[in-house]
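Colleague: need a 3D model of the sequence below.
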Amino acid sequence: MHSQMGPAKSFSRVALWALSLPLAFVLIAHAAVTPLGPGTAAPTWKELPGIDGAKHSLADLDDAKVVVVAFTCNTCPFAQSYEERFSTFAKKYADRGVEFVAINCNLDEDDLLPAMKERAKAQGFAFPYLHDASQSVGRAFGAKVTPHLYVLDKDRKIAYVGSFDDARKPERVTKEYVVDAVEALLSGKEVPVAKTRATGCSIRYE
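Modeller: Okay, here's the model as predicted:
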């Protein structure tokens with residue numbers, strides 16, 4: 001015997017279906033890009049506007065021994081928890097031929113260039129912070145979350161991709177993936193861990 005669905009149950013199911021749509025779209029968007037793997041030539045970027053008012057290109061960093069690219073944003077709690085670590089890293093390695101560059105691909109008002117300038121000033125960013133308004137750079141790298149890190153060797157091939165380290169809270173960090181990769185490259189050694197899973201907020205590709 002078939003029971004007839006009442007109005008309350010019918011509405012409940014429709015509501016649940018509607019609520020599930022945004023998550024589904026996020027998951028689809030998240031799966032639409034695939035991070036480039038170690039050994040792959042890094043995509044270039046040109047004329048990306050930075051918080052300093054200048055336009056930036058990967059070619060500007062030709063003299064760098066290593067380039068670290070961090071896809072990040074203003075608003076993600078995961079990204080925010082790494083801002084101080086990024087600045088510390090950038091300052092520590094600036095004299096050793098390592099360039100650290102942060103790129104924001106999100107297009108919400110809180111992640112546009114004016115807000116980026118405010119965030120950088122308030123947090124004392126010690127690195128270039130660029131906006132990828134076309135989202136083409138993020139897509140080319142296959143960046144999925146904020147933060148998502150890529151370490152480029154002297155030939156601008158990806159030597160490491162993934163998380164900055166193994167813990168969101170600094171006091172719980174036991175493995176410093178990006179630091180280890182950079183140190184290995186500067187010493188002419190093989191990167192000990194070339195790939196990890198990046199954890200953070202999904203980049204909102206449109």
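Colleague: which of the helices or strands spans the spatially most central residue of the chain?
Modeller: Centroid-nearest residue in the chain: Phe71, 2.3 Å away (criterion: Cα atoms, centre = their mean). Following DSSP states H and E, one finds Phe71 within strand 66-72.
Colleague: coming back round to it: from Leu185, how far off is the residue nearest to the centre of the chain?
Modeller: Taking Cβ to Cβ, to the nearest Å as the measure, Phe71 falls 20 Å from Leu185. (C-beta placed from N, C-alpha, C; glycine too.)
Colleague: now do the strands in this structure.
Modeller: Taking DSSP state E as the criterion, the chain carries its strands at 48-49, 55-56, 66-72, 98-104, 129-131, 145-146, 148-152, 158-162, 201-202.
Colleague: CSV please, covering those and showing mean pLDDT.
Modeller: Formatted as CSV, the strands of the chain follow (pLDDT from 0 to 100):
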stretch, mean pLDDT
strand 48-49, 98
strand 55-56, 98
strand 66-72, 98
strand 98-104, 98
strand 129-131, 98
strand 145-146, 98
strand 148-152, 98
strand 158-162, 98
strand 201-202, 98
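Colleague: and those as a markdown table, adding distance to Tyr82?
Modeller: Below are the strands of the chain laid out as a markdown table (distance: least, Cβ to Cβ, whole Å):
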| stretch | distance to Tyr82 |
| --- | --- |
| strand 48-49 | 20 |
| strand 55-56 | 21 |
| strand 66-72 | 7 |
| strand 98-104 | 10 |
| strand 129-131 | 13 |
| strand 145-146 | 9 |
| strand 148-152 | 9 |
| strand 158-162 | 13 |
| strand 201-202 | 12 |
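Colleague: out of the ones you listed, which comes closest to Leu36?
Modeller: Using Cβ to Cβ as the measure, strand 158-162 is the one of those that comes nearest Leu36, at 5.6 Å.
Colleague: related to what we said a few turns ago, quick one: which of the strands of the chain is nearest Glu190?
Modeller: strand 158-162 (9.2 Å).
Colleague: and the angle from that closest one to strand 66-72?
Modeller: Between strand 158-162 and strand 66-72, the angle comes out at 30 degrees (axes from the mean of the first three to the mean of the last three Cα atoms, to 10 degrees).
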